[in-house]
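Q: model this:
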Amino acid sequence: MDFWPTDDQLALQEGVRSFCQGRFPFDTLHEIEAAGGRIERSAWKDIADMGVFSLRNDGFGVSDAALVFEELGRALVPGPLVATYLAATHLADAGAATGDTIVGISEVAEPVTVIEFADDLDMLLLLDSNGVRRMAPDALPTDAVERPVSPLTPLRVAHAVTAGGELVLSGDTARALRLEGTLLTAAMQVGVAFAAIDLAVEYAKGREQFGRPIGQFQAVKHMCADMLTRAEVARSATYAAAANLEGKGEDDAEHSVRVAKMLAGDAAIFCGKTGIQVHGGMGFTWEVNAQRYWKSATVLDTHFGNSDDHADAIAAAM
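A: Below is the predicted model:
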């Protein structure tokens, strides 16, 4: 299987990275945190104008989308990005494609169903055993979570969610939406992992202890090497899963997507935690951005099944 990015794909990825660096620098993310994680509509429209949500409608493939979402994860761009993309792609929602409709997605669970960005959503998609249901965000009574894991991702919880809304996808079409959402979340986790590595390495090169950069100490080298190893394996698995999902590989698409999500979730959380360790006692403070990668990794791990869920499914299928 050849899943090396083409020159056009690398140019696409570089364009999205430049956009994220200019539109979502850390100063902007800090302002969003201070505002309670609310989505700025103009920023959301800018993301849509870049073609993020309409990628598949514009002729791009799953592999292209994976590269784009990797960059969004690297930049910690907030908001229900995957959900809005899925609505534009699988529901052909024109408002989602243009950024006029902010779409959230939640897995129905007991005892509570967690809804992200509830106060900013125009549409809510609920995943359950029957497929995908669409409903108005204010149709469910919810309670706010006062201290969410990441201030970039405000949460509300709904209790005892029962059948409601309109069933819009079922069977194979619902499965296709779930698989693509899982893959793109894995791609975002890969981006988070590599961003955490970049920050840790940069700090290790500049921070001196005992008259030399801490990056020269073997213990710190080993931590950075372990981070890179996990991230590279996760990225390879994610690219392979994208190729399989496009029908360009010989492996089972669902299996490869599960492997990618499991490895990417573990890698993102590991790199986030280890990046904090490299920064020492400063790593978990608000002033240092290392902790933001761990928080983002933890949130993304809950989307479309966490690493343990996929590991159990893989084991059960063996």
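Q: Excluding chain neighbours, what is closest to Gly165?
A: Met135 (3.1 Å; C-beta to C-beta, 6 or more residues apart in numbering). No exception for glycine: its C-beta is placed from N, CA and C like everyone else's.
Q: Can you pull out the low-pLDDT segments for the protein?
A: 1-3, 163, 208 (pLDDT under 70).
Q: In it, what residue spans correspond to strands?
A: With DSSP state E as the criterion, the chain has strands at 103-107, 112-116, 123-128, 131-135, 142-144, 155-159, 166-169, 208-209, 212-213.
Q: Need those strands in JSON lines (columns: mean neighbour count and distance to Leu76).
A: Listed next are the strands of the chain as JSON lines, based on neighbours: other C-beta atoms under 10 Å; distance: least, C-beta to C-beta, whole Å:
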{"stretch": "strand 103-107", "mean neighbour count": "22", "distance to Leu76": "18"}
{"stretch": "strand 112-116", "mean neighbour count": "20", "distance to Leu76": "14"}
{"stretch": "strand 123-128", "mean neighbour count": "22", "distance to Leu76": "23"}
{"stretch": "strand 131-135", "mean neighbour count": "19", "distance to Leu76": "27"}
{"stretch": "strand 142-144", "mean neighbour count": "14", "distance to Leu76": "22"}
{"stretch": "strand 155-159", "mean neighbour count": "18", "distance to Leu76": "17"}
{"stretch": "strand 166-169", "mean neighbour count": "15", "distance to Leu76": "29"}
{"stretch": "strand 208-209", "mean neighbour count": "11", "distance to Leu76": "28"}
{"stretch": "strand 212-213", "mean neighbour count": "12", "distance to Leu76": "26"}
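Q: These: which one's closest to Ser296?
A: Comparison of the strands of the chain against Ser296 by C-beta to C-beta identifies strand 112-116 as nearest, at 12.3 Å.
Q: other SSEs contacting the closest one?
A: Identification of packing neighbours for strand 112-116 by 3 or more C-beta pairs under 8 Å, 6 or more residues apart in numbering; DSSP states H and E yields strand 103-107, strand 155-159.
Q: Identify the residues contacting stretch 221-229?
A: With C-beta atoms under 8 Å, 6 or more residues apart in numbering as the test, stretch 221-229 has contacts from 193, 196-197, 200-201, 204, 215, 270-271, 274-275, 277-278.
Q: Same check on stretch 245-253?
A: 1, 3, 61-63, 179-180, 183, 240-241, 243-244, 256-257.
Q: ditto for stretch 136-153
A: Contacts of stretch 136-153 (C-beta under 8 Å, 6+ apart): 29, 32-33, 36-37, 76, 78, 104, 113, 115-118, 121-124, 154-159, 161, 164-165, 292, 295-296, 298-299.
Q: can you check stretch 24-44 too?
A: 23, 75-79, 99, 102, 117, 119-120, 148, 150-154, 289, 292.
Q: Kindly report the same for stretch 202-214.
A: 215, 217, 220, 224, 278-279, 290.
Q: Show me which pair in these is furthest apart.
A: Phe217 and Ala290 (17.9 Å).
Q: Comparing these two, which shows the higher neighbour count?
A: Set Phe217 next to Ala290 and count neighbours by other C-beta atoms under 10 Å: Ala290 wins out with 24 against 14.
Q: got the buried residues for the helix ranked longest in the chain?
A: As assigned by DSSP state H, the longest helix anywhere in the chain is helix 171-206. Neighbour-count burial for helix 171-206, with 16 or more other C-beta atoms under 10 Å as criterion, is recorded at 174, 176-197, 199-201, 203-204.
Q: Can you verify my assumption that Gln13 contacts Glu70?
A: Yes. With contact defined as C-beta atoms under 8 Å, Gln13 reaches Glu70; the gap is 7.3 Å.
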